[in-house]
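Undergrad: Any chance you could fold what I've pasted below:
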Amino acid sequence: MKTIVFLIGLAIFFLVVAIAITNQQEVTVTYFYDRSWTGRLWVVIMASFATGALMATVFAALLLLREKFRFSMLNRKTGKLEEEVKSLRQRPLPDEHPVFPSVASMSTTGQTSGRPS
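TA: Numbering: from 1, shown residues only. Here you go, the predicted structure:
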């Protein structure tokens with residue numbers, strides 16, 4: 001895994017160097033209200049890449065925080081439900097009446113099967 005991360009980092013480094021070498025032209029960036037900046041093209045490309053990466057990181061962090069909050073809320077609900085199940089297991093069961101009255105009457109008359117003898 002460390003090798004893969006190292007190779008990806010090395011590829012990104014060489015990409016940055018290639019962009020810097022091939023894009024040496026002077027450009028003028030005009031902002032709002034007639035403000036402008038003049039510099040190398042590779043600086044503008046790297047700045048836009050860094051801005052996009054930063055925005056993606058912030059967006060991903062917000063989504064991660066939202067999911068972490070939902071996970072903690074579900075853990076709380078699960079804990080409450082587990083406590084309720086535990087308390088219900090500790091309660092004694094009430095005396096149950098037979099579900100099928102005919103089975104109860106057969107057992108009192110001595111018959112064990114449903115066929116008459």
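Undergrad: pLDDT wise, what is residue 24 at?
TA: Residue-level confidence at residue 24 comes out at 85, pLDDT.
Undergrad: so it, which of the three states?
TA: On the three-state scheme (DSSP: H, G, I helix; E, B strand; the rest coil), residue 24 is labelled coil.
Undergrad: count of residues packed around the closest residue in space to it that isn't next to it in sequence?
TA: The spatial neighbour of residue 24 that comes closest, neighbours along the chain excluded (Cβ to Cβ, 6 or more residues apart in numbering), is residue 40 at 6.1 Å. The C-beta positions use only the backbone N, C-alpha and C, and glycine is treated the same way. Close neighbours of residue 40, defined as other Cβ atoms under 10 Å, add up to 14.
Undergrad: Bridge partners for residue 40, pull those for me.
TA: Here residue 40 shows beta-bridge partners residue 26, assigned using DSSP bridges.
Undergrad: quick one, strands of the chain?
TA: 26-30, 36-40 (DSSP state E).
Undergrad: What lies in contact with the last one?
TA: Applying Cβ atoms under 8 Å, 6 or more residues apart in numbering, the external contacts of strand 36-40 come out as 23-31.
Undergrad: now the helices for the protein?
TA: Under the criterion DSSP state H, the chain carries helices at the ranges 2-22, 41-90, 101-109.
Undergrad: mean confidence score for the second one?
TA: I take that to be helix 41-90. 92.
Undergrad: for it, the distance to its chain's centre please.
TA: Its chain's average C-alpha position is 6 Å from that of helix 41-90, according to Cα atoms, centre = their mean, to the nearest Å.
Undergrad: The first one now?
TA: Computed by Cα atoms, centre = their mean, the chain-centroid distance of helix 2-22 equals 30 Å.
Undergrad: now the angle from that helix to strand 36-40?
TA: Regarding helix 2-22 and strand 36-40, their directions subtend 110 degrees when assessed with axes from the mean of the first three to the mean of the last three Cα atoms, to 10 degrees.
Undergrad: got the contact list for helix 2-22?
TA: Looking at what lies outside helix 2-22 - Cβ under 8 Å, 6+ apart - the contacts are 42, 45-46.
Undergrad: Just name the closest of those to residue 60, please.
TA: Proximity to residue 60 was ranked across these by Cβ to Cβ; first place goes to residue 46, at 20.8 Å.
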